[in-house]
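> Below is the structure, and that's it, no one-letter string:
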Ligand code: LLP
């Protein structure tokens, strides 16, 4: 995050607040969120895409993907910065409602939305329900008919792009669970075009446009460009078949961020310019009016804004044999959290780094592995990182870029309590999500 720097005393500080003070006041493990940084990234996406698309379609609607990290404060920040909010469950809709986000600013995603979720979305006047399948379109149609109210619908299409990212988070190729395929099935039509026809026919469905999300943690603009070209092609096809041009095209999220110095993400300004160029050229080629474009970044807004502050505990030194039979030292440094507050290394082989946060040292560095306190050997936070040899129990460690899909994916494995989230704004720290307590852990246990 931009507000993080070493102070004169050698400690990491967020907007001038030293980490030792944060640890003392709020405990560890702790998610430390630079609110100014978060908001600047949110506003930066909006400004960059608005500028690039202004002359094409008047601007871009940016939906912050709440799944990356959501609480009422965050929902209010993005709203204040001119963004909308992408939700994907009744729970996320509840957070949005508690934050006072207007219904028309919301979208609802999900490949298996319940009848209750769909009903709630229609009743709260959600701006768009992103319909994922033919079955779901039928479900939405029935519910809207029964309520006698309009459902605003986008159709999620799989444009057939196989994004170069981890298999578990690539979402636009054929063989995965999301979206309507554009490939013809046995009856000679594609599920995507069949859904368009049915949606246009349905009395209580207001078909706004199409949606595609190719995956997550993507660095090359080429994937987004391919998706944009394919989707505009489908809009042209729909115009030819039905004589209508749908007004909106959502190109999803997925913009990659730097977790370590090996990652070199693009900037929103560059991405926006590249995408606008492709959209503009394709629209000209197909003689389409440029649809209103929207995007759904999550990670690129939340991820870099936050680091996790851990307290180091025990160490263990081992000798590791390499392929040539040579022995190398490796140090295991255990911290007071682990896979319960950051399961990404375990799930996606995600790489992180760590730094000694509470002080400076002249000590030599030793190749170290930062591990958690859970009862399994796969509980790794940082696989390989040089840390000072004199790092010892009680030292504070910071793991950067944990703002997206860490707290959101956190669990109570081994009955650990989920960490607090502290936001630092204009030099002041305040709790935005409190740490769980043991009472929370026991609250649903009916035998207590
Ligand atoms: N839109 C849709 C429809 C999505 O499914 C997602 C993410 C996004 C937008 C936001 O993508 P982002 O800009 O944050 O990459 N737990 C995984 C990531 C799962 C992404 C799920 N969908 C991880 O920790 O890497």
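Looks like it came in fine. Since the structure is predicted, the reported quantities are computational estimates derived from the model, not experimental observations.

> Give the other helices and strands that the longest strand that the chain contains contacts.
The strand spanning the most residues in the chain, taking DSSP state E as the definition, is strand 306-321. Strand 306-321 is packed against helix 19-26, strand 30-34, strand 327-335, strand 396-400, with contacts defined by 3 or more CB pairs under 8 Å, 6 or more residues apart in numbering; DSSP states H and E. C-beta here means a position set from N, CA and C on the backbone, and glycine is covered the same way.

> what lines up beside that strand in the sheet?
strand 30-34 (antiparallel), strand 327-335 (antiparallel), strand 396-400 (antiparallel) (DSSP bridges).

> which of those sits most buried?
strand 30-34 (a mean of 27; mean count of other CB atoms under 10 Å).

> Farthest out from the centre of this protein, which residue is that? Tell me.
Relative to the mean C-alpha coordinate of the chain, counting by CA atoms, centre = their mean, the farthest residue is residue 325 (41.9 Å).

> any idea how far residue 319 is from that one?
According to CB to CB, to the nearest Å, residue 325 and residue 319 sit 12 Å apart.

> Tell me how the chain divides into domains.
4-34+304-442, 59-297 (automatic domain parsing).

> How about residue 127: what's its closest non-neighbour residue?
residue 104 (4.5 Å; CB to CB, 6 or more residues apart in numbering).

> Could you say which one of the strands paired with strand 306-321 comes nearest to residue 244?
Ranking those by proximity to residue 244 (CB to CB) places strand 30-34 first, at 44.0 Å.

> model confidence over the closest one, on average?
For strand 30-34, the mean per-residue pLDDT is 98.

> Toward the C-terminus, what is the element adjacent to that strand?
Proceeding C-terminally, strand 30-34 gives way to helix 35-57 as the next helix or strand, assigned by DSSP states H and E.

> now that following helix and strand 30-34, what's the angle there?
In this structure, helix 35-57 runs at an angle of 50 degrees to strand 30-34, with axes from the mean of the first three to the mean of the last three CA atoms, to 10 degrees as the basis.

> Tell me if helix 35-57 is near the ligand.
No - Helix 35-57 stays out of contact with the ligand when judged by CB under 6 Å from any ligand atom, the minimum separation being 10.0 Å.

> Report the contact partners of residue 409.
Applying CB atoms under 8 Å, 6 or more residues apart in numbering to residue 409 gives the contacts 342-344, 347.

> Just the ones in helices from those, please.
Assigned to helices by DSSP state H, the following of the contacts of residue 409 qualify: 344, 347.

> Please report which of the contacts of residue 409 has the highest neighbour count.
With neighbours defined as other CB atoms under 10 Å, the most crowded of the contacts of residue 409 is residue 342; it has 29 neighbours.

> Near the ligand, which residues of the stretch 301-448 of the chain? Just list them.
With CB under 6 Å from any ligand atom as the criterion, the stretch 301-448 of the chain comes near the ligand at residues 344, 348, 404-405, 409.

> Residue 99: how many residues sit nearby?
Residue neighbour count, defined by other CB under 10 Å, stands at 18 for residue 99.

> Check the gap between it and residue 369 for me.
Here residue 99 is placed at a distance of 39 Å from residue 369 (CB to CB).

> Could you do residue 145 as well?
When residue 145 is compared with residue 369 (using CB to CB), they lie 57 Å apart.

> now do residue 404
When distance is defined by CB to CB, residue 404 is 23 Å away from residue 369.

> More neighbours: which of those two?
Set residue 404 next to residue 369 and count neighbours by other CB under 10 Å: residue 404 wins out with 26 against 20.

> And what about that one, helix, strand or coil?
Using DSSP: H, G, I helix; E, B strand; the rest coil, the structure places residue 404 in coil.

> Please apply the same query to residue 208.
Using three-state DSSP, the structure places residue 208 in strand.

> how about it, what does it touch?
By CB under 8 Å, 6+ apart, the residues touching residue 208 are 128, 152-154, 246-248.

> let's see it at 6 Å
With contacts defined as CB atoms under 6 Å, 6 or more residues apart in numbering, residue 208 is in contact with 128, 152, 154, 248.

> can you check residue 403 too?
Here residue 403 is in contact with 69, 302-303, 305-306 (criterion: CB under 6 Å, 6+ apart).

> Export these as TSV, with columns for neighbour count and pLDDT.
As requested, the contacts of residue 403 are arranged in TSV below (neighbours: other CB atoms under 10 Å; pLDDT from 0 to 100):
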residue	neighbour count	pLDDT
69	28	98
302	31	98
303	28	98
305	30	98
306	27	98
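
> Counting neighbours, what do you get for residue 365?
Counted by other CB under 10 Å, the residues lying close to residue 365 total 13.

> That one is in contact with residue 386, isn't it?
Yes - counting by CB atoms under 6 Å, residue 365 sits close enough to residue 386 to count as a contact (3.9 Å).

> which of the contacts of residue 208 lies closest to the ligand?
For these, the minimum distance to the ligand (CB to the nearest ligand atom) is 10.3 Å, reached by residue 154.

> so when I look at that closest one, I'm seeing a strand, right?
Yes - the secondary structure assignment for residue 154 places it in a strand, going by three-state DSSP.

> Quick check: the one residue in the stretch 51-200 of the chain that gets nearest to the ligand vs residue 423, distance?
At 3.5 Å from the ligand, residue 65 is the closest residue in the stretch 51-200 of the chain, using CB to the nearest ligand atom. In this structure, residue 65 and residue 423 are separated by 19 Å, where distance is defined by CB to CB.

> who has more neighbours, those two?
Taking neighbours as other CB under 10 Å, residue 65 and residue 423 compare with residue 65 leading, 28 against 24.

> For that one, give me its contacts.
Contact criterion CB under 6 Å, 6+ apart gives 86, 253, 296, 298 as the residues in contact with residue 65.

> Tell me the confidence at the closest residue to the second one other than its chain neighbours?
Right, the one you point to is residue 253. Counting by CB to CB, 6+ apart, residue 253 lies nearest to residue 296, which is 4.0 Å off, once chain neighbours are set aside. In this model, residue 296 is scored at 98, pLDDT.

> Within its local environment, how many residues does residue 296 see?
Counted with other CB under 10 Å, the burial measure for residue 296 works out to 27 neighbours.

> ok, it touching residue 86?
Yes - shown here, residue 296 and residue 86 form a contact pair, counting by CB under 6 Å, at 4.8 Å.

> so what sits against both of these two?
63, 65.

> can you list the weak-confidence ranges in the stretch 101-250 of the chain?
Applying pLDDT under 70 to the stretch 101-250 of the chain picks out residues 163-172.

> please redo it, this time with the cut-off set to 80
Counting by pLDDT under 80, the low-confidence segments of the stretch 101-250 of the chain come to 161-173.
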